[in-house]
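1. Take this sequence and fold it.
(2 chains)
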Amino acid sequence: MASPEPVAASSSDAALIAAWQAGDEQAAAELVRRHARALARFLAGGGAREADVDDLVQETFIRAFRAVGKFRGQCQFRTWLLTIGGNVLKDAGRRAGREKVVPLDDALRDRDGDPHEQAVAGEAADRLRAGLARLPRMQREVFLLRAQQGLAYEEIAAALDTSTGAARVHYHHAVRRLKGWLE
Amino acid sequence: MKDDATLHDAKLQELAQRLGAHAAERLDVEATAAALVRRLHEREPQRRFRWMQPAWLRAAAAVLVLAGGVALVRRLGPTLPPHPSHYVAEDLNGLSAAELRDVLSGLDQTLNQTAPLPSEPGLNELGPEQLKAVLHSLEG
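-> The predicted model follows:
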């Protein structure tokens, strides 16, 4: 693959995508640097085990780069990437032969011995995680995109190929149910 | 966001934002980027091969269609008349020597157009039995 002039880290996502399509692998690496952590948070929030997050992040980027020709800029690259991450997570769950990627008990057991993490992850956080696992996929993803990633409904709707109103309804349903489980 | 009162539920939002924070911190981004570039390298030849497969299939299909077409044309094309020996064999016994010579002369003309036989003896020199033998040999 030819290596055209490398794209600087200050380039926009669109410029990096174009550079990657032109054969600049460093552009792909830069996109990973920008979005991998947000993706990891989204995947872990969606139920991925911490031990699996690295593989799932890679798989998500691989799929995204292979399908990047279909990305029309209807939303931000990160938002589009997160929705692909949702598909990867779903496929991983299917492969594992369970409805949810990780049951609550496993999620709790999976924590390593980081004292700080354990201190801040109280009972409420555990219940939230369990509640998210019980939500329908659409509600869970809308909730995470809104509450965890801080995206606007318009952005969420564009990424999930739904209407803004529908995204809003999904979010409110998710919040209502989660609050019911948390209280 | 006045219409979004639930978002003001600071506790829920804080909890949501904390989800996955540890996994994100643990992620070695540089290693992930390097691994990804490596995997993209590895997949590139496979992807090229996958793209080649339909081309090979198309070429094979074209050859099959061509061969089938040729076979069909051959079947439906003008058929050759039945071998003349069929008639010769049936009527051979009833022919006189002169008639046998005529038949052989006709065959000779046909055969000589494609494969002339050098130093072939004259038909006039052959007797009826020899002529019949010649005709039988031509039947194959």
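2. Now the residue of chain A found nearest chain B: closest residue in space that isn't a chain neighbour?
-> Per CB to the nearest CB, A:A44 is where chain A lies closest to chain B, at 3.1 Å. Using the backbone N, CA and C atoms, a C-beta is placed for each residue, glycine as well. Nearest non-adjacent residue to A:A44, counting by CB to CB, 6 or more residues apart in numbering or on different chains: B:G20, 3.1 Å away.
3. Need phi/psi at that neighbour.
-> B:G20 adopts backbone torsions of phi 80, psi 0, taken as degrees, to the nearest 10.
4. Using PDB, write out every CA atom in the lengthiest helix in chain A.
-> When chain A is parsed with DSSP state H, its longest helix is helix A:25-45. Extracted as PDB, the C-alpha positions of helix A:25-45 are listed here (Å, rounded to 0.1, in the frame of the first residue of the first chain):
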ATOM      1  CA  GLU A  25      -2.000   3.500   8.100                       C
ATOM      2  CA  GLN A  26      -0.900   6.200  10.600                       C
ATOM      3  CA  ALA A  27      -4.200   7.900  10.000                       C
ATOM      4  CA  ALA A  28      -6.000   4.700  11.200                       C
ATOM      5  CA  ALA A  29      -3.700   4.600  14.200                       C
ATOM      6  CA  GLU A  30      -4.600   8.200  15.000                       C
ATOM      7  CA  LEU A  31      -8.300   7.500  14.800                       C
ATOM      8  CA  VAL A  32      -7.700   4.700  17.300                       C
ATOM      9  CA  ARG A  33      -5.900   7.000  19.700                       C
ATOM     10  CA  ARG A  34      -8.700   9.500  19.500                       C
ATOM     11  CA  HIS A  35     -11.700   7.200  20.100                       C
ATOM     12  CA  ALA A  36     -10.500   3.900  21.700                       C
ATOM     13  CA  ARG A  37     -11.100   5.000  25.300                       C
ATOM     14  CA  ALA A  38     -14.600   6.300  24.600                       C
ATOM     15  CA  LEU A  39     -15.300   3.100  22.800                       C
ATOM     16  CA  ALA A  40     -13.900   1.000  25.700                       C
ATOM     17  CA  ARG A  41     -16.200   2.900  28.100                       C
ATOM     18  CA  PHE A  42     -19.200   2.300  25.900                       C
ATOM     19  CA  LEU A  43     -18.400  -1.400  25.500                       C
ATOM     20  CA  ALA A  44     -17.800  -1.900  29.200                       C
ATOM     21  CA  GLY A  45     -21.000   0.100  30.000                       C
END
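5. Run a quick neighbour tally on the closest residue in space to A:A36 that isn't next to it in sequence.
-> Nearest non-adjacent residue to A:A36, counting by CB to CB, 6+ apart: B:V29, 4.9 Å away. Neighbours of B:V29 under the rule other CB atoms under 10 Å in any protein chain shown: 17.
6. Touching, B:V29 and A:R34? I think so.
-> No: contact criterion CB atoms under 8 Å: B:V29 and A:R34 do not qualify, at 9.2 Å.
7. All the helices of chain A, residue numbers only.
-> A:13-21, A:25-45, A:50-66, A:77-95, A:104-109, A:115-120, A:123-134, A:137-143, A:153-159, A:164-182.
8. Need those helices in TSV (columns: distance to B:G94).
-> TSV is the format used below for those (distance: least, CB to CB, whole Å):
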stretch	distance to B:G94
helix A:13-21	87
helix A:25-45	91
helix A:50-66	84
helix A:77-95	86
helix A:104-109	101
helix A:115-120	113
helix A:123-134	101
helix A:137-143	94
helix A:153-159	96
helix A:164-182	98
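9. Where among the ones you listed is average confidence lowest?
-> Least confidently modelled of the helices of chain A is helix A:104-109, at a mean of 42 by mean pLDDT.
10. and the longest helix of chain A, what does it pack onto?
-> The contact analysis (3 or more CB pairs under 8 Å, 6 or more residues apart in numbering or on different chains; DSSP states H and E) places helix A:25-45 against helix A:13-21, helix A:50-66, helix A:77-95, helix B:21-26, helix B:29-76.
11. Let me have the ones you listed in a markdown table, adding distance to B:L104 as columns.
-> Shown next, in a markdown table, are those (distance: least, CB to CB, whole Å):
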| stretch | distance to B:L104 |
| --- | --- |
| helix A:13-21 | 80 |
| helix A:50-66 | 78 |
| helix A:77-95 | 83 |
| helix B:21-26 | 99 |
| helix B:29-76 | 31 |
